[in-house]
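Novice: can't give you the sequence, but here's the structure:
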């Protein structure tokens with residue numbers, strides 16, 4: 001499976017948009033919202049590697065996001081490690097947690113897989129909220145999470161931190177595009193379409209699922225570390241199942257199983273959230289209504305439907 005012209009076109013549109021934004025505005029609010037969108041996009045892309053590519057819905061991905069955030073906070077605050085070492089540790093621990101989750105969750109499938117990931121996620125949430133209070137700060141969380149200090153730049157500046165996150169966003173999108181188009185990515189898609197046939201072709205589908213979960217967890221851990229650094233704060237809410245629910249909504253809004261769909265979903269979600277929350281305290285209910293309408297009329301997601309329509313137009317052009 002190669003990247004489609006549509007994926008390449010969206011990528012070519014995203015690059016100048018990301019590069020131009022800091023030159024259009026120096027407003028901290030807009031830059032922070034854009035940074036937040038890129039961080040959530042990293043999380044959504046990581047989640048979609050299990051949800052969209054493998055075809056398995058997980059309610060436990062908030063665990064990997066939260067572990068990434070806590071790993072960075074504890075590594076830099078309690079052990080005095082450099083920020084970059086904290087980010088690496090966040091990726092490793094989140095990937096390791098995903099590997100452990102896979103040993104339990106992959107014993108079942110369908111809705112039972114989702115329920116097992118939900119149960120494991122809530123277990124970690126309870127541990128962080130109460131039993132591990134000495135390490136996590138409990139419900140109060142851990143304030144004062146650090147920012148990078150590389151190259152002598154001030155990353156407490158919204159512009160500098162925007163560029164820092166943009167670099168990670170670009171790396172993740174390039175990496176996920178390479179993985180999706182690699183032989184491994186084709187096997188993952190094959191498992192989604194017909195796991196039994198993939199097994200008959202000689203692939204160890206259970207091991208491939210575990211590796212897919214590990215990669216997804218590592219990307220989510222990176223997002224968690226960056227989110228904690230942006231907010232300069234981490235609390236157990238990052239581990240809660242509602243956080244997993246948000247990323248599911250984002251992915252479905254944009255288009256699960258597509259390269260840029262999760263990113264589009266995050267943009268739609270965050271823009272609507274910022275706009276509606278300033279208009280009414282019941283914004284989440286309105287957002288839920290928007291999600292229902294998109295699910296009914298755009299079952300492949302907004303970008304997924306656009307991509308499908310572009311594909312139909314291209315096939316008609318070839319026939320004529």
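Specialist: Great, that's in hand. The structure presented is a predicted model; accordingly, all values stated were derived computationally and were not measured.
Novice: Helices of this protein, residue ranges please.
Specialist: According to DSSP state H, the chain carries its helices in the segments 5-24, 28-51, 61-77, 83-105, 111-126, 133-136, 158-181, 183-193, 195-200, 205-231, 241-254, 261-277, 283-297, 302-319.
Novice: comparing those helices, which gets the lowest mean pLDDT score?
Specialist: The weakest mean pLDDT among these belongs to helix 302-319, with a mean of 79.
Novice: Next, the buried residues of that helix.
Specialist: Neighbour counts over helix 302-319 (16 or more other C-beta atoms under 10 Å) mark 302, 303, 304, 305, 306, 307, 308 as buried. The C-beta positions use only the backbone N, C-alpha and C, and glycine is treated the same way.
Novice: name the helices or strands packed onto it?
Specialist: Here helix 302-319 touches helix 5-24, helix 241-254, helix 261-277, going by 3 or more C-beta pairs under 8 Å, 6 or more residues apart in numbering; DSSP states H and E.
Novice: Would you mind pulling the contact partners of the first one?
Specialist: Around helix 5-24, the neighbours that count as contacts under C-beta atoms under 8 Å, 6 or more residues apart in numbering are 30-31, 34, 38, 159, 162-163, 166, 169-170, 173, 177, 258-260, 263, 303, 306-307, 310-311, 314.
Novice: re earlier: could I get the helices and strands packed on helix 302-319 in TSV, plus columns for mean neighbour count and distance to residue 111?
Specialist: Listed next are those as TSV, based on neighbours: other C-beta atoms under 10 Å; distance: least, C-beta to C-beta, whole Å:
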stretch	mean neighbour count	distance to residue 111
helix 5-24	13	31
helix 241-254	22	14
helix 261-277	21	22
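Novice: how about the ones you listed in a markdown table, adding distance to residue 288?
Specialist: Putting the helices and strands packed on helix 302-319 into a markdown table (distance: least, C-beta to C-beta, whole Å) gives the following:
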| stretch | distance to residue 288 |
| --- | --- |
| helix 5-24 | 27 |
| helix 241-254 | 8 |
| helix 261-277 | 11 |
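Novice: Can you check which of those gets nearest to residue 124?
Specialist: helix 241-254 (10.4 Å; C-beta to C-beta).
Novice: Tell me which of the helices and strands packed on helix 302-319 lies nearest to residue 123.
Specialist: Here helix 241-254 is closest among the helices and strands packed on helix 302-319 (C-beta to C-beta), at 11.0 Å.
Novice: Okay, angle between that closest one and helix 28-51 too, please.
Specialist: 90 degrees (axes from the mean of the first three to the mean of the last three C-alpha atoms, to 10 degrees).
Novice: returning to what we had before: between the helices and strands packed on helix 302-319, which one is nearest to residue 129?
Specialist: Of all the helices and strands packed on helix 302-319, helix 241-254 sits nearest to residue 129, with 12.8 Å by C-beta to C-beta.
Novice: which ones are touching the most centrally placed residue in the chain?
Specialist: For the chain, the residue sitting closest to the mean C-alpha position, by C-alpha atoms, centre = their mean, is residue 43 at 1.4 Å. By C-beta under 8 Å, 6+ apart, the residues touching residue 43 are 61, 65, 219, 220, 223, 224, 227, 247.
Novice: Just the buried ones from those?
Specialist: 61, 65, 219, 220, 223, 224, 227, 247.
Novice: Identify the spatial nearest neighbour of the fourth one, chain neighbours not counted.
Specialist: Think residue 220. Nearest non-adjacent residue to residue 220, counting by C-beta to C-beta, 6 or more residues apart in numbering: residue 64, 3.7 Å away.
Novice: Kindly confirm whether my reading is correct that that neighbour touches residue 92.
Specialist: No - judged on C-beta atoms under 8 Å, residue 64 makes no contact with residue 92 at a distance of 11.4 Å.
Novice: Identify the residues contacting residue 28.
Specialist: Contacts of residue 28 (C-beta under 8 Å, 6+ apart): residue 158.
Novice: Burial check on residue 72, number of neighbours?
Specialist: Counted with other C-beta atoms under 10 Å, the neighbours of residue 72 add up to 32.
Novice: Of the helices of the chain, give the one that comes closest to residue 144.
Specialist: helix 61-77 (6.9 Å).
Novice: Quick one: list the elements packing against that closest one.
Specialist: Against helix 61-77 (3+ C-beta pairs under 8 Å, 6+ apart) you get helix 28-51, helix 83-105, helix 111-126, helix 133-136, strand 142-143, helix 205-231, strand 233-234, helix 241-254.
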